[in-house]
Each structure stands twice: as structure tokens, then as C-alpha cells.
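K.L.:
Fold the following.
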Amino acid sequence: VRAMLTLLVALACEAKPETAEPRGSGDSGEHAASGLPDTAPLAEVEVLVVGSGAGGLGAAWAAREAGASVLLVERDDRPGGASNNAANYWAVGTPEQAAAGITDSAEAALAEWASFTEGDPTSPSVSDFVHGSAGVLAWLESLGMAVRLGDNIPQDTGSVPRVHLVQGPSGPAPVEVATLLADVILYQTTATGLILDGPRVAGMWVTDANGAEAWVHARATVLATGGFARNDALVEAAIPALAAQPAWYEAYPGMDGNGLTMARATAATFQNLDHLGLYSHGVEDAEVGQPEVMVIAGLESTLIVDALGLRVEDERLFGSVSMGRRYLTEGPFYAVFDHDLWEATRIQGRGYNYESAPDEIEVSAPEYAAKHGAAESEDAEGLGVLLGIDGEGLAATLARYNEDAAAGADTAFGKPAPWFAALETAPFHALPLVLGRAKSAGGLATDA
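P.N.:
Okay, the predicted model is just below:
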């Protein structure tokens, strides 16, 4: 259970020495393709873990609990990586659900799994994750995390509330777990390439903050650094249609695919590389500009249309990856606000973009427009013209939307109150939504 914080990849695999690249992509150093280095290792451990996100921390904890000697290397100066941006945890059959009067179970979640994930509920990995989710949450609580059940039902988490908010005394859960593993973590230490001893992975080349290179001898190496949402070559090879789209990033900067690059030195195969989390709920970052993304809070209360000015879905669904996929064939999409909603809307930047200006991480919609610009018109048809879309179609769509809102029923998609409310106060405003590359759920092929 403790190792199930995310998918882990243990590399004790057979390799092809003639294709090995011990220092990783882009390094011109010359090391033997097979055989241990002549120099003494920096450390000798039973388990070497690369990356201190949820997967790496889970692997290090589980290995140490099993009695193994462990070393974890992290290239950043802090733990967590992209996991620090994930304060929510999906779990079923939890005490928090029971306290809220919610009846839920692994069986209930698996019965509807395909409807809200488009995934395979018969997969052993899916079954293990769902059945073990409450146990992982209980483990986090045992380490001092505060857990509470979210009160909303996102469109991509199932029919009942299953998202739990997790926070430690000092910050996100990865920070708390890393504190308990402080004696086995080396920060500002970058893994640069696998070391092969004959046909087997025997450790890793690493470089410290001063550029000094060394190697770690390990019985097993866990690569928990496989995110590649910012690697355009990998992303566009996985989903060729993305090559025709501008690159927008909603991913942690460290998600550059370096783990996959290093793994190519072995005979490891890959799976699910096209399982990318694409989102169409954001706009161009007003501070940083392209390719960074800011996310619109409360997007579900807007009216979202396509280039013909037509609604394509319940706006609540735009927080899910399914609408990101649909953007490729049905986009671009545009979010429309009336003046009252515009004044109340907040637009949030990604935390990793604002280390030098943390106060700019969230702005009001008018502040965003002052920094970046936004379409504004006294009527919907004029707004469409400014956006470069069908203004007449937008005007007709807004009229139908407001008529339904006045009658209290969304006849097109069933969006309920309070998200379904008339947009009537001029001037009207609109922002083009961009297609953000946020997550990558594929990587090395593993079995259960």
C-alpha cells in the first residue's frame, strides 16, 4: 500500500549493452557500455531511487520499511517535484466519506471507472489502486497529515465525492514524507545515466550541484522521474495531432522526460505514452506569456463555445482531460462572461512560475485584462467578431442559454444551479482557452 502512491518502475531488467548510453541523452562522456566503473562508488545500496515525487518517496519508504538500505537522489533543492502541486487524493471507502454520510466502495468505483476515466477497470493495476486507496490515505494520516473530504463532485472522479484534500503541518504531503526520509535523500543531485553490469542495471551516474560526477552502485534502481509533458518531441510522437497545436505547458518544469531518456539505454519497453493529461481550462499566462498557462477558477459558471459560437458540453466538464482530448478535433474553445461574472472571476497562475513574484500567482479577471488584454463588447455578436468566430452563432447561443437559465433548466446539457445562471449584464467579455499539456501517465512498461 505504501508503495502505491503512484506507479513505480523498478529497473532490475535485462539490457542491450550495445545500445546503452550510460550518461543519458545529450552527454558526450565516454563510459563503457557494460561493466562497472573503475572508480569507487559514491555509495552502495540495495535500492537507489531517482526522483522525490510521490512515486519516489513511496518507493523509498517501502524499501526502507522492508529493511533495505536506500538512497534517493533529487535534482531539485526541495522534495516533491510535480507532486507538490497535487494537494488532492482520490480514495474510496474512507472514514471521511462515511462521516459525511456517503456510501462508497471499491466495487462501486470500479463499476463506473470507465465512464469517468475512459480507463480499463479490469486492469490489475487499476484494481490495486482503487482497493488500496483508502489504505494509502490512512497511512498519510498516520504520518500527521490532515485529511478532509472535498464537498464537490468533479465530473472526472465519479458519482460521489471522492477527492480528499491532504495537507501536512509543514506543507504538502511530499514535504512531510521527505522529512521522515531526510537521512537517505541527496538534493541537488542529478541522475544522468544508468550503469550496466553485463545485461543488468547496476546503478546510476549522478552529478552534484558543483558538477562533480560520481556513481552509485545499487542492487535495484527505481526510476520515478518519468514525467514528459514538457518534452515536445515525446509528447508529439505520442499524440501526433498535437504537432499542429501551439505548445502550452501546465506541467511542472522538471517533467522533461529525462527518466525515459535514461531508460532507453536498456531493453525496457514503453506503454501508454499517449495517456497524456491535456486540459482546456486555462489561458495564456499574463505574467510569463506563452507557453505558460493560467487556470480560470470558476470556469464552470461561464458559457463556453466553439468557433461557430456553439456550446459543445456542460461547462463543468472543462476541468477534465476528456475536454482536452476533444479540443484536438472540436477546438478552439472560448469562455464567455457577462460583466458581473467577469468582475468576480479569479485567474490562477502555476506556483512554479512565480518564485520571484509570488503575489502575481492569482489575479482578478479585470487585472488579467489590464496585463494581457481580453475581448470586450456591449453585445454577443460584437464579442464574436473580436474573437474571430461566428458572432451571430454566439449571440443565438447566449440567448438560448439565458432563456434556459430563466426557466431553471439547461435543456442542452443539464448543467445545474448554481453554475447555470443567466449571463445578461453588459459589457460581455471573453477569453480564448488554450490546450495545456499537464500530465503524462505513460512510461516504462510494467506488470502488476
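
K.L.:
helices or strands up against the helix ranked longest in the chain?
P.N.:
Ranked by residue count under DSSP state H, the longest helix found in the chain is helix 124-142. Applying 3 or more C-beta pairs under 8 Å, 6 or more residues apart in numbering; DSSP states H and E, one finds that helix 124-142 contacts strand 88-90, helix 106-111, strand 146-149, strand 163-167. For the C-beta atoms, the positions are set from N, CA and C on the backbone; glycine is no exception.

K.L.:
Pull the residues that contact that helix.
P.N.:
Residues from elsewhere that reach helix 124-142 (C-beta atoms under 8 Å, 6 or more residues apart in numbering): 1-2, 4-5, 7, 89-94, 106, 109-110, 113, 119-121, 147, 164, 166, 173, 446-448.

K.L.:
Tabulate the helices and strands packed on helix 124-142 (TSV), appending mean neighbour count.
P.N.:
Converted to TSV, those look like this (neighbours: other C-beta atoms under 10 Å):
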stretch	mean neighbour count
strand 88-90	17
helix 106-111	17
strand 146-149	15
strand 163-167	19
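
K.L.:
Need these in TSV (columns: distance to Leu71 and mean pLDDT).
P.N.:
As requested, those are exported to TSV (distance: least, C-beta to C-beta, whole Å; pLDDT from 0 to 100):
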stretch	distance to Leu71	mean pLDDT
strand 88-90	27	88
helix 106-111	35	96
strand 146-149	30	93
strand 163-167	26	91
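
K.L.:
Identify whichever of these lies nearest to Arg200.
P.N.:
strand 88-90 (35.3 Å; C-beta to C-beta).

K.L.:
residues of the helix or strand that the closest one is followed by that come out buried?
P.N.:
Per DSSP states H and E, the first helix or strand lying C-terminal to strand 88-90 is helix 95-99. Of all the residues in helix 95-99, those buried under the rule 16 or more other C-beta atoms under 10 Å are Glu96, Gln97.

K.L.:
Show me what helix 95-99 is packed against.
P.N.:
On a contact count with 3+ C-beta pairs under 8 Å, 6+ apart, helix 95-99 meets strand 146-149.

K.L.:
10 Å instead, please
P.N.:
helix 124-142, strand 146-149, strand 163-167 (3 or more C-beta pairs under 10 Å, 6 or more residues apart in numbering; DSSP states H and E).

K.L.:
what's near enough to touch Phe420?
P.N.:
300-301, 303, 314-316, 401, 404-405, 408-410, 413-414 (C-beta atoms under 10 Å, 6 or more residues apart in numbering).

K.L.:
Got a PyMOL select line for the buried ones in those residues?
P.N.:
Buried members of these, defined by 16+ other C-beta under 10 Å, are picked up in PyMOL with:
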select buried, resi 300+301+303+314+315+316+401+404+405+410
